[in-house]
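Asker: Sequence first, then the predicted structure:
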Amino acid sequence: MSTLTQPLSRAESLRDMKIGLFIPCYIDLVYPEVGIATLELLERFGLDVDYPLTQTCCGQPMSNSGDEANAAAAERLFVENFKPYDCIVGPAGSCVKQVRHHFDTIEQTDDVQHVRQNTFELDDRSLINYTMMSSSILYFQRNTTGAALISSKY
């Protein structure tokens, strides 16, 4: 099952949402500063961000190699960790794509569908929806390492 990115309505403010911070395993191991910067950035805009301490891999390495049993276990744990959140944000496009488009080895329960439809990459335009936050309009750029940078302009 493939899900489509649904833009957030203007009435749905990110400030009113409980956001789960998804830090992919390779970011945690190789580029931890990207995870820290992602958290600091979201908090800078006054967002309610939580980091589930029991999160692990999204299952992409297992899925890519055809190991459906271990991919399914990782996917179930991911859903269990992130189902309480209104919105899940991560700084890695391939891992977010795994969640949104490739969580196919597990039963498509309401919780699974909720997590798939509400997981976004940090610089996903449908997440931000070009709305005003703290009287700032957000603009996106890429730095040389591929980490998303957000700046504000008054």
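Answerer: Received, thanks.

Asker: In this structure Glu75 contacts Thr105, no?
Answerer: Yes. Using Cβ atoms under 8 Å, Glu75 is in contact with Thr105, at 6.2 Å. Yep, even glycine has a C-beta here, placed from its N, CA and C like the rest.

Asker: what residues are shared contacts of those two?
Answerer: Gly59 (Cβ atoms under 8 Å, 6 or more residues apart in numbering).

Asker: neighbour count winner among those two?
Answerer: For Glu75 versus Thr105, the count of surrounding residues by other Cβ atoms under 10 Å is larger for Glu75: 27 against 18.

Asker: quick check, the more buried one in a helix?
Answerer: Yes. With DSSP: H, G, I helix; E, B strand; the rest coil as the criterion, Glu75 is part of a helix.

Asker: Could you look up the SS state of the spatially most central residue of the chain?
Answerer: Central residue of the chain (Cα atoms, centre = their mean): Val89, 2.6 Å from the mean position. When classified by three-state DSSP, Val89 comes out as strand.

Asker: Quick check: it vs Gly35, distance?
Answerer: Per Cβ to Cβ, to the nearest Å, Val89 is found 11 Å from Gly35.

Asker: Same question for Asp50.
Answerer: As judged by Cβ to Cβ, Asp50 and Gly35 stand 14 Å apart.
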